[in-house]
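S.K.: Here's a sequence, model it:
(2 chains)
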2 protein chains.
Amino acid sequence: MYRLYSYFRSSAAYRVRIALELKGIPYEIVPVNLLQGEQKRETHKARHPAGLVPVLEVTTADGHTQRFTQSLAIIEYLDEIHPTPPLLPADPFARAQVRALAQLVACEIHPVNNLRVLNYLTGTLGVDEANKLAWYRHWIAEGLAALEAMVTAAENPGGPFAWGDSPTLADCCIVPQLFNARRFECDLTPYPRLTAIEAACQKLPAFQKAAPATQPDAR
Amino acid sequence: MYRLYSYFRSSAAYRVRIALELKGIPYEIVPVNLLQGEQKRETHKARHPAGLVPVLEVTTADGHTQRFTQSLAIIEYLDEIHPTPPLLPADPFARAQVRALAQLVACEIHPVNNLRVLNYLTGTLGVDEANKLAWYRHWIAEGLAALEAMVTAAENPGGPFAWGDSPTLADCCIVPQLFNARRFECDLTPYPRLTAIEAACQKLPAFQKAAPATQPDAR
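M.R.: Numbers count the residues shown, from 1 in each chain, chains lettered A, B, ... in the order given. As a prediction, the model looks like this:
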């Protein structure tokens, strides 16, 4: 039994929901309301000391529960124990390229723009709304430009996706990142390859079911 | 032939140097001076559009060159093609825990404190030195507290390292992060397990050879 502690608009939780849906793994969503600070309460920190979502709980047939944190680590775990359909290519070079695309999102773009960082800017540092938005758009523009160049350079004769002819870990990260960029009304016209990848993904039921708007805690 | 584009104090390059040394893979260091902005020049952006280090270039026997970016993706690649000694455990649950520890550093702690972010704070936002330092220490304290809790909770009967009785991907990330924290004179006394891991790693020649102070571009 799989239980995902999630927040509808959390980019990292969204990545894991896409992976679970692509794999066809049934799971239960337990919402953690980030705006109300539920992730910082003891009940959630007992699940994950960092006070972050997502957390995946897996209960085995004998009643033992295992907990998993960090979206990319969770998706790699799911890919190892449910190998079909694969979310990483078989070839080591290709695997490294897909992981690099995912990590460009997860290690460079997303971390500087998540809720706790934006709250520190406006709270502790007293940054006004215009400068907060400029910060957000600066890192989006810098990061997506690099990502656009990388997916364009990637040898991908096969398909509309970031790598090969089916969705991978890279697409699980790109789609939530573009969702965030749209929320903050970033101009996406400089990234035609990324928006084409997004459009191809959005046609698939797995991406539709994982979307923020279709979550039980969506408001 | 392996060539690593590196900067002696880059935390991400440091992680890859540790992995190369642990694997015993011979490699050439090509310094990219981040303080002089060499990573943003066209020569380096041709290697990696994001203008970041590290970049690993691998030239095969037939003269073909492959490029790899993102430190964790590079280390996973090295682990796949040079499996001994392993930097990830064999068991899927354990692999996921080690990856989660590494990603807590690489996706939560390091990105908000790297050079380009600190430059934006002091440059564009006009944050003064004291507030920059407070920012740095805030994310270190929050991140290392979570990491300390995670390594303490991890089932690790075997050894002094983050997981099991030999260094893993997690240790490759923890040691550079503590190096950074020391540079900014963060108080590390609340993290006895992390500093014990660091001490155990620093006894190994691989960690000593990968250290910033022993790099050709160290100043």
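
S.K.: quick one: buried residues of the helix ranked longest in chain A?
M.R.: Ranked by residue count under DSSP state H, the longest helix found in chain A is helix A:129-153. For helix A:129-153, burial by neighbour count (16 or more other C-beta atoms under 10 Å in any protein chain shown) applies to A:131-132, A:135-137, A:139-140, A:142-151. Bear in mind the C-beta positions are built from the backbone N, C-alpha and C, glycine included.

S.K.: same question, stretch A:175-191
M.R.: By 16+ other C-beta under 10 Å, the buried positions in stretch A:175-191 come out as A:175, A:176, A:177, A:178, A:179, A:180, A:181, A:186, A:188, A:191.

S.K.: That one: end-to-end distance?
M.R.: End-to-end distance of stretch A:175-191 (C-alpha to C-alpha, to the nearest Å): 13 Å.

S.K.: Residues touching it, excluding its own?
M.R.: With contact meaning C-beta atoms under 8 Å, 6 or more residues apart in numbering or on different chains, stretch A:175-191 is reached by A:9, A:11-12, A:14-15, A:18, A:105, A:109-110, A:113, A:133, A:136-137, A:140-141, A:143-145, A:147-148, A:194-195, A:197-198, A:201-202, A:207, A:211-212.

S.K.: Likewise for stretch A:42-49?
M.R.: Contact with stretch A:42-49 is made by A:5, A:32, A:38, A:51, A:55, A:57, A:67, A:69, B:145-146, B:149-150, B:153, as judged by C-beta under 8 Å, 6+ apart.

S.K.: Report the two of those residues separated the most.
M.R.: For these, the maximum inter-member distance is 22.5 Å, found between A:57 and B:145 (C-beta to C-beta).

S.K.: does stretch A:194-210 come close to chain B?
M.R.: No - counting by C-beta under 8 Å from any C-beta of the partner chain, chain B is not contacted by stretch A:194-210; separation bottoms out at 12.9 Å.

S.K.: Would you mind extracting the C-alpha trace of that stretch into PDB?
M.R.: Presented in PDB, the C-alpha positions along stretch A:194-210 are these (Å, rounded to 0.1, in the frame of the first residue of the first chain):
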ATOM      1  CA  LEU A 194      10.200  22.800 -23.400                       C
ATOM      2  CA  THR A 195       6.600  23.900 -24.100                       C
ATOM      3  CA  ALA A 196       6.400  21.200 -26.800                       C
ATOM      4  CA  ILE A 197       7.500  18.600 -24.300                       C
ATOM      5  CA  GLU A 198       5.000  19.900 -21.800                       C
ATOM      6  CA  ALA A 199       2.200  19.700 -24.500                       C
ATOM      7  CA  ALA A 200       3.100  16.100 -25.400                       C
ATOM      8  CA  CYS A 201       3.100  15.100 -21.700                       C
ATOM      9  CA  GLN A 202      -0.200  16.800 -21.000                       C
ATOM     10  CA  LYS A 203      -1.900  14.600 -23.500                       C
ATOM     11  CA  LEU A 204      -1.200  11.600 -21.400                       C
ATOM     12  CA  PRO A 205      -3.800  10.600 -18.700                       C
ATOM     13  CA  ALA A 206      -0.900  10.000 -16.200                       C
ATOM     14  CA  PHE A 207       0.000  13.700 -16.300                       C
ATOM     15  CA  GLN A 208      -3.600  14.800 -16.200                       C
ATOM     16  CA  LYS A 209      -4.300  12.700 -13.100                       C
ATOM     17  CA  ALA A 210      -1.200  14.100 -11.400                       C
END
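
S.K.: Return the set of buried residues in it.
M.R.: For stretch A:194-210, the neighbour count (16+ other C-beta under 10 Å) marks A:194, A:195, A:197, A:198, A:200, A:201, A:204, A:206, A:207, A:210 as buried.

S.K.: next one: that stretch to chain centre, how far?
M.R.: Put simply, stretch A:194-210 sits 13 Å off its chain's centre (C-alpha atoms, centre = their mean, to the nearest Å).

S.K.: related to what we said a few turns ago, select from the buried residues of stretch A:175-191 every entry located in helices.
M.R.: Among the buried residues of stretch A:175-191, the members falling in helices (DSSP H) are A:175, A:176, A:177, A:178, A:179, A:180, A:181.

S.K.: and residue A:198, that one's in a strand?
M.R.: No - counting by DSSP: H, G, I helix; E, B strand; the rest coil, residue A:198 is not found in a strand; it is helix.

S.K.: thought it was touching residue A:174?
M.R.: Yes - using C-beta atoms under 8 Å, residue A:198 is in contact with residue A:174, at 6.7 Å.

S.K.: Could you check how far the residue of chain A positioned farthest from its centre is from chain B?
M.R.: What lies farthest from the middle of chain A is residue A:62; by C-alpha atoms, centre = their mean that is 30.8 Å. Separation of residue A:62 from chain B (C-beta to the nearest C-beta, to the nearest Å): 14 Å.
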